[in-house]
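> Give the three-dimensional model of this entry:
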Amino acid sequence: MSNDPSPPSGTSRSDLFTPQRIVALVLAVIAVSFILQNRADVTLNLLGIRVTGPLWLSSLVVLGVGIAIGVLLSARRRSSR
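Numbering: from 1, shown residues only. Here you go, the predicted model:
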């Protein structure tokens, strides 16, 4: 056994803190902050349907719809090439 202080399994400190992971961590902190600050109920109307729920959940649903639209459009663009 050696007394080498390097991280186990061949990973280095620079592998743990990549720019993508730092951005993901910052976005996660912002998302949690948004959820904690927007717990009040809101009423939404869509095509005559009225739904009441927390603002953060409504925003999450709209984000999910936006992501789904983006994925569907990019898949369509890839298949037409």
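
> Number of residues surrounding residue 47?
4 (other Cβ atoms under 10 Å). Every residue, glycine included, has its C-beta placed from N, CA and C.

> Name the residues of stretch 48-67 that come out as buried.
55, 56, 58 (16 or more other Cβ atoms under 10 Å).

> Name the surrounding residues that touch that stretch.
For stretch 48-67, contacts defined as Cβ atoms under 8 Å, 6 or more residues apart in numbering pick out 34, 35, 38, 39, 40, 41, 42, 43, 44, 45.

> For that stretch, what is the distance to the chain centroid?
15 Å (Cα atoms, centre = their mean, to the nearest Å).

> Then stretch 36-47?
For stretch 36-47, the distance to the chain centre is 19 Å (Cα atoms, centre = their mean).

> Show the end-to-end separation of it, please.
29 Å (Cα to Cα, to the nearest Å).

> Can you list the neighbours in contact with that stretch?
In contact with stretch 36-47 (Cβ under 8 Å, 6+ apart) are residues 50, 51, 52, 53, 54, 55, 56, 58, 59.

> Bridge partners for residue 43, pull those for me.
Bridge pairing for residue 43 (DSSP bridges) gives the partners residue 52.

> what's the spacing between it and residue 51?
7 Å (Cβ to Cβ, to the nearest Å).

> and if you look at residue 28?
Residue 28 is 27 Å from residue 51, by Cβ to Cβ.
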